[in-house]
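Okay, predicted coordinates and the sequence, questions at the end:
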Amino acid sequence: MTTTEAPPAQQPKPNHRSPLKRVLAFLRNTWRGLTSMRTALVLLFLLALAALPGALLPQRRLNAPKVDEYITAHGWWGTLLDKLEFYDVYSSVWFSAIYILLMVSLVGCLTPRSFEYVKAMRAKPVLTPRKLGRMPHYRVAGTERPLEDVLEDANARLSGWRRVQRDEGDGVHSISAERGYLRETGNLVFHFGMLGLIVFFALGKLFSYDGQVIVQADGSQFCNGGIYNYDSFNAGLRVDGTDLTPFCVKVNDFTAHYTPAGQADYFHSKIEYQAGDDLQTGAWRPYGLEVNSPLRVDGVRVYLLDHGYTPKFTVTFPDGSVRTMATQWRTAIVPTMTAEGATKFDQPGITDEAQRRTRQLAITGLLAPTPLVHGGILTSTAPELNNPQVAVDIYRGDLGLDAGRGQSLFEIDQSRVADGRLKKLSRLNMQVGQETKLDDGTKVKFDGVQPWVGLQVSHDPTQGYVLGFAIAMFVGLGGSLLVKRRRLWVRVRPGGEGEARTVIEVAGLARTDQAGYGEEFQRISERLVTGEKGS
């Protein structure tokens, strides 16, 4: 008995591809994965998810003090979020990465789909299948009308369809018809609208700017002449502040209306503005500025963003010199518009710098629009101005105005109070017109309260394009959801023995949603068979 050895198992061939080919294959597969529609949808979901912290957490660009308060209140968790750029979401590395990947994915996904769409639009409808009876919708009937009349009538009734008539031989003719290409058109319009929205939104971040400024509502003016005229200014990457749209705004008054419950009803400010040739002629144009009615001038929008109160103080120094200051105080309690702040004075007529820094005055405290004093404590019960009062502390000493470091407009440097460079002279509640006298004869008088308004100036040259692409997205989405792709075939042949003069076969197929196509097919086929009039 002889034995034969089994052939050795076939070993897999080693991969002899060069490193360059491996790298190219990796890049090709990565590109295919990135440009798939599934990846684009995932990135779109991630972008929406990444935008949530920007809506839920305070953002440093909009309100830096609020961010500092949030970090202090939440300890290590607040600090961790700061390191992860959750307070600068829209300029963070991770948000920008998702944004750019989504844009690349959409470009890579839409480019081949566009070519396929153009190719499909230019192609003729598909051939009529041999066995139409296998289609989901099918009808066969005979008629005594001539074959030519049936074909002519079928072409007339399918005038709104993309169709082609073919001669199949032996006197048999067929019509292939398609409809609903606007579905794919809407799909492409939606995605191109999304791509355009992303691109122009990004361009807007490069060339747009917005700034906030507080203007006294007593005829004071603001001119858009440079970034130093703003209290805060947020510029795009390509904006240096040297080419801002020139215009001026004069705020004449501010009116706030409240319900009996103290809720804000509406805000209105009478302003005047100059732009274009008006800057040369000096002409002012009136405008009623409201919260939802911004001033639009030369591509710039001026919004009524905020409002508050400014106490007015007059200081009469021992040498008889008088200084009046009206510095805005920030709103501390919004429902009652209770404000807090500091009004700072530099005594005039003192040439010795060291002595001058020891004679500076600061009036700090609380402003109550509608006051209520309980146990010596001043509070406000409503936001309207109704015999307003202030509870103030008066300090004298070195305010640090010349220290070379910026300080808050609404506060004094508490470290100077702690080390004695600022000394508290008096604490009292004051009504409008009331005056107090300090130890050196200086008189401080509370003159009254005037409103201030917070304006936001915004410029975005891509705003119109963003709106246009957003509308295109909704139009495209509507087309892709409402339009249905369907096909219809008609075969007309001479009748055989025992049949009618002409035999008509009609078949239909819905390329997408079958719902509703049955009724449409029955209506069309009935008219094709019977020759009834109608569309």
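Looks like it arrived, so ask away. Numbering: from 1, shown residues only.

so how far is stretch 354-363 off the chain centroid?
How far stretch 354-363 lies from its chain's middle: 47 Å, per CA atoms, centre = their mean, to the nearest Å.

same question, stretch 385-403
40 Å.

Would you mind listing the buried residues in it?
385, 388-400 (16 or more other CB atoms under 10 Å). All C-beta atoms are positioned from the backbone trio N, CA, C, and that covers glycine.

ok, which pair from those is furthest apart?
Leu385 and Asp398 (34.2 Å; CB to CB).

Compute the distance between Asp170 and Leu385, please.
97 Å (CB to CB, to the nearest Å).

What of Arg145?
89 Å.

what residues are up against the spatially most central residue of the chain?
The residue lying closest to the centre of the chain (CA atoms, centre = their mean) is Phe201, at 8.6 Å. Phe201 makes contacts with 462, 466, as judged by CB atoms under 8 Å, 6 or more residues apart in numbering.

And the one 4 residues further on, by the same measure?
Remark: with contacts taken as CB under 8 Å, 6+ apart, Lys205 is in contact with 90, 236-237.

buried subset of those residues?
90, 236.

And the contacts of Lys205, which is closest to Leu20?
Leu237 (37.1 Å).

Need the phi and psi values for the closest residue to that closest one other than its chain neighbours.
Using CB to CB, 6 or more residues apart in numbering and skipping the chain neighbours, the partner closest in space to Leu237 is Leu206 (5.0 Å). Dihedral pair for Leu206: phi -80, psi -40, per degrees, to the nearest 10.

List the residues that contact Leu206.
236-238.

on that earlier part again, among the buried residues of stretch 385-403, which has the minimum pLDDT value?
Lowest in pLDDT among the buried residues of stretch 385-403 is Gly400, which has 86.

Around the nearest residue to it once chain neighbours are set aside, how many other residues sit close by?
Spatial nearest neighbour of Gly400, chain neighbours left out: Asp413 (4.9 Å); criterion: CB to CB, 6+ apart. When neighbours are defined as other CB atoms under 10 Å, Asp413 has 19 of them.

same deal with the one 3 residues further on?
Residues near Arg416, counting by other CB under 10 Å, number 19.

Verify the assumption that it is located in a helix.
Yes - the assignment for Arg416 is a helix, going by DSSP: H, G, I helix; E, B strand; the rest coil.

now it: how far from Met473?
From Arg416 to Met473 the distance is 57 Å (CB to CB).

Check Arg60 too.
Distance from Arg60 to Met473, by CB to CB: 30 Å.

Next: Leu80.
36 Å.

So for these two, which residue has more residues nearby?
Per other CB under 10 Å, whichever of Leu80 and Met473 has more neighbours is Met473, with 19 against 12.

Pull up the gap between the more buried one and Ala507, please.
36 Å.

and if you look at Tyr117?
26 Å.

now swap in Ser380 and tell me
For Ser380 relative to Ala507 (CB to CB), the value is 79 Å.

Can you get me a residue count around Leu27?
10.

Let me see the backbone angles for it.
phi -70, psi -40.

now the one 5 residues further on
Backbone dihedrals for Arg32, given as degrees, to the nearest 10, come out at phi -60, psi -40.

Quick check: which ranges of the stretch 301-450 of the chain have low pLDDT?
Applying pLDDT under 70 to the stretch 301-450 of the chain flags the ranges 403-404.

again, only this time at 80
Scanning the stretch 301-450 of the chain for pLDDT under 80 picks out the ranges 402-407.

Sketch out the helices for it, chain order is fine.
353-357, 414-418 (DSSP state H, counting those that start in this stretch).

out of the ones you listed, which comes closest to Ser232?
Short answer: helix 414-418, nearest of those by CB to CB, at 23.3 Å.

list the buried ones in the strand or helix carrying Ile100?
Applying DSSP states H and E as the criterion places Ile100 in helix 93-122. Under the neighbour-count criterion of 16+ other CB under 10 Å, helix 93-122 has 95, 98-99, 101-106, 108-110, 117 buried.

For that helix, which helices and strands make contact with it?
Under the contact definition 3 or more CB pairs under 8 Å, 6 or more residues apart in numbering; DSSP states H and E, helix 93-122 sits against helix 19-34, helix 37-56, helix 182-207.

how distant is stretch 200-217 from the center of its chain?
Using CA atoms, centre = their mean, the offset of stretch 200-217 from its chain centre is 13 Å.

Span of that stretch from start to end?
Start-to-end span of stretch 200-217 (CA to CA, to the nearest Å) is 36 Å.

Which positions in that stretch come out as buried?
200-201, 203-205, 208-217.

Also stretch 69-82?
Quick answer for stretch 69-82 (16+ other CB under 10 Å): 70-71, 78, 81-82.

same question, stretch 411-422
Under 16+ other CB under 10 Å, the buried positions of stretch 411-422 are 412-413, 416-417, 421-422.

ok, now stretch 35-43?
Buried residues in stretch 35-43 (16+ other CB under 10 Å): 35, 39-40, 43.

any chance of those in JSON lines, with pLDDT and distance to Met337 too?
Output for the buried residues of stretch 35-43, formatted as JSON lines (pLDDT from 0 to 100; distance: CB to CB, whole Å):
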{"residue": "Thr35", "pLDDT": "82", "distance to Met337": "55"}
{"residue": "Thr39", "pLDDT": "88", "distance to Met337": "51"}
{"residue": "Ala40", "pLDDT": "84", "distance to Met337": "48"}
{"residue": "Leu43", "pLDDT": "89", "distance to Met337": "45"}
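
List just the nearest of the residues you listed to Phe254.
The closest of the buried residues of stretch 35-43, once distances to Phe254 are taken by CB to CB, is Leu43, at 45.6 Å.

Verify the contact between that closest one and Ile100 for me.
No - contact criterion CB atoms under 8 Å: Leu43 and Ile100 do not qualify, at 9.8 Å.

who touches both of these two?
What both Leu43 and Ile100 touch, as defined by CB under 8 Å, 6+ apart, is an empty set.

Ala510: neighbour count?
19.

quick one: it and Pro136 touch, right?
Yes - between Ala510 and Pro136 there is a contact under CB under 8 Å: 7.3 Å.

Low-confidence bits of the stretch 1-150 of the chain, can you list those?
1-17, 37, 61-65.

now Arg162, which residues is it bridged with?
When bridges are called by DSSP bridges, Arg162 pairs up with Glu178.

re the thing from before, please convert the buried residues of helix 93-122 to a markdown table, extending it with distance to Gly498.
Shown next, in a markdown table, are the buried residues of helix 93-122 (distance: CB to CB, whole Å):
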| residue | distance to Gly498 |
| --- | --- |
| Phe95 | 75 |
| Ile98 | 70 |
| Tyr99 | 71 |
| Leu101 | 68 |
| Leu102 | 65 |
| Met103 | 66 |
| Val104 | 66 |
| Ser105 | 62 |
| Leu106 | 61 |
| Gly108 | 60 |
| Cys109 | 57 |
| Leu110 | 56 |
| Tyr117 | 48 |
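
Return the member of those nearest to Ser18.
Gly108 (26.2 Å).

so how far is stretch 176-195 from its chain's centroid?
On CA atoms, centre = their mean, the centre of stretch 176-195 falls 26 Å from that of its chain.

for stretch 28-37, same thing?
With CA atoms, centre = their mean, you get 29 Å for stretch 28-37.

swap in stretch 433-446?
51 Å.

and if you look at stretch 241-259?
23 Å.

next one: stretch 363-371
For stretch 363-371, the distance to the chain centre is 37 Å (CA atoms, centre = their mean).

So what touches that stretch?
309, 311, 313, 329, 332, 336-345, 378-395, 411-412, 444, 449.

mind running it again at 6 Å?
309, 311, 313, 329, 337-340, 342-343, 378, 380-386, 388-394, 412 (CB atoms under 6 Å, 6 or more residues apart in numbering).

Please flag which of those sit within strands.
309, 311, 313, 338-340, 342-343, 378, 380, 389-394 (DSSP state E).

which one of those is nearest Gly518?
Nearest to Gly518 among the ones in strands among the contacts of stretch 363-371, with distances taken as CB to CB, is Thr338, at 68.7 Å.
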